[in-house]
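Asks: model the structure of this input:
(4 chains)
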Amino acid sequence: MKLFEYEARNIFNQYGIPVPKFSVVSSPEEAYKAAEEIGGRVVVKAQVLVAGRGKAGGVKLAENPEEAYRYAKQMLGSEIKGEKVRKVVISKAVDIARELYLSIIIDRSIGAPVILASPEGGVDIEELARTKPERILKIVVDPILGVRDYHARRAASFLELSEPALKKAQEIVVNLYRVFENYNCELAEINPLALTPDNSLEAVDAKIILDDNALFKYPEFSSEFVRDLSYYEAEAKKMNFSYVELDGNIGILCNGAGLTMATMDSVYVLGGKPANFLDIGGGARADLVEKAVTLLLQHPKTEVIFINILGGITRCDEVANGIVAALKKTTTSKKIVVRLKGTNEEEGRRILEENNVFVLEEMDEAARKAVELGGGR
Amino acid sequence: MKLFEYEARNIFNQYGIPVPKFSVVSSPEEAYKAAEEIGGRVVVKAQVLVAGRGKAGGVKLAENPEEAYRYAKQMLGSEIKGEKVRKVVISKAVDIARELYLSIIIDRSIGAPVILASPEGGVDIEELARTKPERILKIVVDPILGVRDYHARRAASFLELSEPALKKAQEIVVNLYRVFENYNCELAEINPLALTPDNSLEAVDAKIILDDNALFKYPEFSSEFVRDLSYYEAEAKKMNFSYVELDGNIGILCNGAGLTMATMDSVYVLGGKPANFLDIGGGARADLVEKAVTLLLQHPKTEVIFINILGGITRCDEVANGIVAALKKTTTSKKIVVRLKGTNEEEGRRILEENNVFVLEEMDEAARKAVELGGGR
Amino acid sequence: MTVLVNSNTRVVVQGITGREGSFHTRAMLSYGTKILAGVTPGKGGSTVEGVPVYDSVIEAVRKHPELNTSIIFVPSRFASDAVYEAIDAGLDLVVVITEGIPVHETMKFVRYAKLNGVTIIGPNCPGVISPGESKVGIMPGHVFSRGRVGIVSRSGTLTYEIAYAMTKAGIGQSTSIGIGGDPVPGTSFIDALEMFREDDGTDAVVLIGEIGGDMEERAARYIVEQEYKKPVVAYIAGRTAPPGKRMGHAGAIISMGVGDAASKIKSLKEAGVEVAELPSQVAEILKKLLKK
Amino acid sequence: MTVLVNSNTRVVVQGITGREGSFHTRAMLSYGTKILAGVTPGKGGSTVEGVPVYDSVIEAVRKHPELNTSIIFVPSRFASDAVYEAIDAGLDLVVVITEGIPVHETMKFVRYAKLNGVTIIGPNCPGVISPGESKVGIMPGHVFSRGRVGIVSRSGTLTYEIAYAMTKAGIGQSTSIGIGGDPVPGTSFIDALEMFREDDGTDAVVLIGEIGGDMEERAARYIVEQEYKKPVVAYIAGRTAPPGKRMGHAGAIISMGVGDAASKIKSLKEAGVEVAELPSQVAEILKKLLKK
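Replies: Prediction:
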């Protein structure tokens, strides 16, 4: 889960990473007051989770409180790349001599944290990695050892700094690692890390992505703040389903992430277009299946529902009962294709066929049927 | 460095290890007041670092504040096994159903922390190890991993407890390990850990020994409290010498711990009796040698001073100059035997012989000479 | 021969008294897996499906010194502790079924296991099966059949789908390894390819990948660099997955420009690996290859 | 042959610009030790005794890939970091001269090094010398001479004393290992005995122990259990040391009833080891033994 910038800034503050003075506000009036208190020029920054807010008008430099008021008013309540702006940050504007880059990520290839440092920050790091890979230093950290001073020294010295900024950068590396570790981050990033004309450092932007599996450790982020979910996403989340919206018209419902993706892909390879990814997981009971089917029946874009179940722990009769229960509660013109295979397969097939639901045995033929009913791409 | 009981208790308190309510006081009046505040029966405990204070009258059960006053008065200012009592602890008396043992030590053989647990506490653990080794559970902890719940569960379950004490014991194991690790302990011990009639646990005694090499991390213990040192020990400490008092009359001064011990032993094996162990370390300069020699010259028990130097980094001329300087400042009837060997040996010998100091080349012959001069055992 | 598990595998089930643990203990026992002990702290002395339960792994190992493998069903918050306990007790193989373990914890125990010479399968995985010999996992045993093709996969049900098709086509498996859907697995594709290379009971390998990370690309590089002799057939799930979205598995996400299916398929094809378009084609390709 | 260091040893000096570091760099160079690089953070680009200085070990290793050994003179507060840096940079042998490192830190890096297959000598030690080949330490080189007796010792000066007597008696050394005076050394007596057993350039071993811990007792047990073939001569310092007092070395203390000299001498004698009463007798006993 990505944190809002102001949440990340608060964490940085706690961990001794220098952040420009700021306030987070949710009205233009508050913005005015905050700008006044901070004094001088301020930056007004829309608090959204989508990338690229700067280019989308979500970051503005205000010369005075009046301007801060105006920009805050423009941003608050507006949408940036489809995401509603509920809060803005009013942040002291920093004079920047040079922009640096610093982050710590989990490198999946090696199963370890990696410190990334570059003397050229402020740009997209992926872009920099393509154009000037030699300008990015990558330091692998042994996860059971954690960050050590020698890592911090190497990272800091790559940033082309002189004292006292050099020493400060070392501290920032150590502190950023502490953030990374203590918050179970997938990513903790400072981009840009600003070098000011008086040779000090400021984290001008702050980005933290938490590991969803570790969220239970940080209840302060799980519920307190609204993160934009569609109705369908929110409903799926409640039931612990994995659900992702796609562009097509064929709804996909399976058990197991790999099988769900493969089903989605098969529909596509065979000429159709999947409307979603819905994985109900292993061992689902009838009531959960019913809810999952109902969700897809409600979804306006879904014209065909393709249910592909390979029963192992999941019992086919439970699945069949769930499907039937969902259909009984709704009148729908949507077409349903079911592929059932595995534990209690015969019983499941019987239940469905008694209720006039199409059942196929093989995945390919079922996918073909779904594509045929969906009318292709 | 061993901590006073009350220092260890304060640490336990901070780390969530249950300790009976207590006060540390330095006058009988304070003892009275503390006993009154705590209420009921209290234990008056002399704060000394020597072992076996209980048998030496340093622990008394007081029925009321008057008794606490009396015992405190008796103890304060008295000596227990040669150590002056400067403070006493007034501690709520705990009803004890059973005494348990719990400690964490560094096991030198395996280079790892070891958790020791026994359902039979209150006695000397070395004694228990001899008589009932099967009643002590020993759990090795990987130092880079630290304590884990499964260690704590095993240790706690060996204590023959039922809930809720069992669960509490697990927490105590984890917390004791945190103390052990965060304070760089050589030993963190609770003996006895009291099981009370209402099935809760209390650390009735608290013992912590810190690693001397890590003391710099804990300035709160290094200087604030006086720990008993003789004049000679204190002086040696100031100069960073290793110094230990022994019973004999031949003072030993060498460079290097192993050589100093071997010199001491050689004197003994050849019939003499060493008066001390004084290791001035490697590379000592003339001024330090002077101070070391002066120290031994001052010591009343030392009749002969045997200086055994094998010069590697240490230069023999520096040593010689130091010896001569010390002798010039004092008029002494003490006899001095010097063995010099190694870097700048000839120059050193010349300096000493010019000043009428005996110089020998081999360690054995020098040791024999020292024993001869010292008059044997 | 097989890899990782065989008829000498002796299993302790950690979390045996839980719903999942007891259910799959029964299923594994009925498959023929030799389960000697279970562990649930505080439940020592009881039995589950006739298997004695102990309070700790070390106790189980003392009572049953033949134990060499653990399978972990412990809930995610306690799973890391269970892994360390298994490593500490000297087991060789630890299969972590548990889903939802924080990746920081996984990184640590995976690294620690590696340093201690212990093999971890998972987490968030279906386990390992060597058909007819031993099943240390939660897969339906009947879709697998004894044979000479190794399977290594990041997914569960999709593997059963493909194994089922293989079995129907008469192509049995030496061992099927479910390395799990987490971003940092204890055993990688390369590790598994290496095991299968050394195994004289394996003639070909099926590699079932998915979006997220670059494990497939690295496997492709490994195949090229090591001049891998045994034929490899791959299927990659998630070609229609959008970037930035987690597709069910914690590890199945295209992020920061890394992890899409196209790149994986391209790399594998360039390494000479045949990549199936549909799951059903895996068995067909194998048939063709093994005829040669 | 020798153990640990030889003419192929290529050394980086960590803490080379300090007083100790530069002094001993000069001494080692003049002994003939191949020192290719030094490291002191912030001093990269300078030279000490003609040796180039780098900011980090990894940089030194990149510039001098032949490096295989580090010697550490870094002050105690920074020494652990230096050890981890050396391990991380892939060196095989790390000699830690530094005295005063907290034992909790030592426990950790010693264990970590072991898991990573790196040998640590020390801390708080004089280092290792293979006379005539390489000196990676602070011992006076001239008291040693090339030969076929291995020395392993917990002490510095006492070792020079004994080596000097051996040299005078015409008994040279294959390698002399100073394992250091701390309670938890990276290399133990047993480790050293094992190395010398495998070394065909070593005919006998001198073991110089002292009070504290039970390393000597364990060495005695090892000698018995392994039916150690090469003769071992021992000297144990501290027979007159009182219990509970630290005798110079952090590890030289009789505590909780463990670590007195009598027990060590007894165990070694029972294991068939000749134990000298005076340091000078070691050479005499060796002479007698080697004549056989």
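Asks: tell me which residues are up against stretch A:8-22.
Replies: Here stretch A:8-22 makes contact (C-beta atoms under 8 Å, 6 or more residues apart in numbering or on different chains) with A:3, A:6, A:34, A:38, A:89-94, A:168, A:171-172, A:175-176, A:178-179, A:182-183, A:188, A:190, A:200-204, A:206-208. Glycine gets a C-beta too; all of them are placed from N, C-alpha and C.
Asks: buried subset of those, written for ChimeraX?
Replies: ChimeraX command restricting the contacts of stretch A:8-22 to the buried ones, with burial defined by 16 or more other C-beta atoms under 10 Å in any protein chain shown:
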select /A:3,6,34,38,89,90,91,92,94,168,172,175,176,178,179,183,188,190,201,202,203,204,206,207,208
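Asks: excluding covalently adjacent residues, which one is nearest to the spatially most central residue of chain C?
Replies: By C-alpha atoms, centre = their mean, chain C has its centre lying nearest to C:Gly178, at 2.4 Å. Ranked by C-beta to C-beta, 6 or more residues apart in numbering or on different chains and with sequence neighbours excluded, the top spatial neighbour of C:Gly178 is C:Pro126, at 3.8 Å.
Asks: likewise for A:Ile96?
Replies: Computed as C-beta to C-beta, 6+ apart, the closest residue to A:Ile96 that is not its neighbour in sequence is A:Ala194, at 4.5 Å.
Asks: for that neighbour, give its distance to A:Phe358.
Replies: Using C-beta to C-beta, to the nearest Å, A:Ala194 is found at 62 Å from A:Phe358.
Asks: helix or strand: which one has C:Gly21?
Replies: Assigned by DSSP states H and E, C:Gly21 belongs to helix C:19-31.
Asks: so what touches the next helix or strand after that helix?
Replies: Proceeding N to C from helix C:19-31, the next assigned helix or strand is strand C:34-39, under DSSP H and E. Strand C:34-39 has contacts (C-beta under 8 Å, 6+ apart) with C:7, C:9-17, C:21, C:25, C:28-29, C:48, C:51-57, C:59-60, C:63-64, C:66-67, C:134.
Asks: from the contact counts, what lies against the next helix or strand after strand C:34-39?
Replies: Per DSSP H and E, the first helix or strand lying C-terminal to strand C:34-39 is strand C:47-48. Secondary-structure packing of strand C:47-48 (3 or more C-beta pairs under 8 Å, 6 or more residues apart in numbering or on different chains; DSSP states H and E): helix C:19-31.
Asks: helix/strand/coil for C:Ala165?
Replies: Classification of C:Ala165 by DSSP: H, G, I helix; E, B strand; the rest coil places it in helix.
Asks: now for the spatially closest residue to C:Ser155 that is not a sequence neighbour: which residues touch it?
Replies: Distance criterion C-beta to C-beta, 6+ apart; nearest residue to C:Ser155, sequence neighbours excluded, is A:Gly258 at 2.3 Å. A:Gly258 sits next to C:153-159, C:181, C:208, C:210, C:237, C:248-249 when contact means C-beta under 8 Å, 6+ apart.
Asks: again, 10 Å this time
Replies: A:279, C:126, C:153-162, C:178, C:181, C:208-210, C:235, C:237-238, C:247-249, C:252, C:279 (C-beta atoms under 10 Å, 6 or more residues apart in numbering or on different chains).
Asks: now a ChimeraX select for only the buried ones of these.
Replies: To isolate the buried members of these in ChimeraX, using 16+ other C-beta under 10 Å:
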select /A:279 /C:126,153,154,155,156,157,158,159,160,161,162,178,181,208,209,210,235,237,238,247,248,249,252,279
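Asks: so which of the contacts of A:Gly258 belong to strands?
Replies: Within the contacts of A:Gly258, residues falling in strands by DSSP state E are A:Asp279, C:Ser153, C:Gly178, C:Ile208, C:Gly209, C:Glu210, C:Tyr235, C:Ala237.
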